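> model this:
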Amino acid sequence: HTTVKMKIGKSEKLFNQQRLQNITLHISFRI
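Numbers count the residues shown, from 1 in each chain. Next up is the predicted model:
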């Protein structure tokens, strides 16, 4: 169970990082 949670946490972190990058890209394009 713990290993599965760790894997899910890692994937969530990667997903959040990609979302942040996409948001920053949209903001930079608007400026």
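> check contacts around Thr2.
Going by C-beta atoms under 8 Å, 6 or more residues apart in numbering, Thr2 touches no other residue. Heads up, the C-betas are built off the backbone N, CA and C, glycines and all.
> Show me the helices in the chain, by range?
Secondary structure of the chain (DSSP state H): helices located at 2-30.
> Low-confidence regions, it specifically.
1, 31 (pLDDT under 70).
> most centrally placed residue in the protein?
Asn16 (1.8 Å; C-alpha atoms, centre = their mean).
> can you tell me how far that one sits from Asn22?
11 Å (C-beta to C-beta, to the nearest Å).
> again, but for Gly9
From Gly9 over to Asn22 (counting by C-beta to C-beta), the distance is 20 Å.
> re the thing from before, got a list of what the residue nearest to the centre of the chain touches?
No contacts exist for Asn16 under C-beta under 8 Å, 6+ apart.
> Against Val4, how distant is it?
Relative to Val4, and taking C-beta to C-beta, Asn16 is found at 19 Å.
> cool, and Phe29?
Computed as C-beta to C-beta, the Phe29 to Val4 distance reads 38 Å.
> What is the burial count for Ile8?
Ile8 has 10 neighbours, counted by other C-beta atoms under 10 Å.
> Ok, Ile23 next?
10.
> got it, and Met6?
10.
> For it, list the residues it contacts.
With C-beta under 8 Å, 6+ apart, Met6 has no contacts at all.
> Begin at 854 from now on, thanks
Fine by me, first position is 854 from now on; the one you just mentioned is Met859.
> Fine by me, thanks again.
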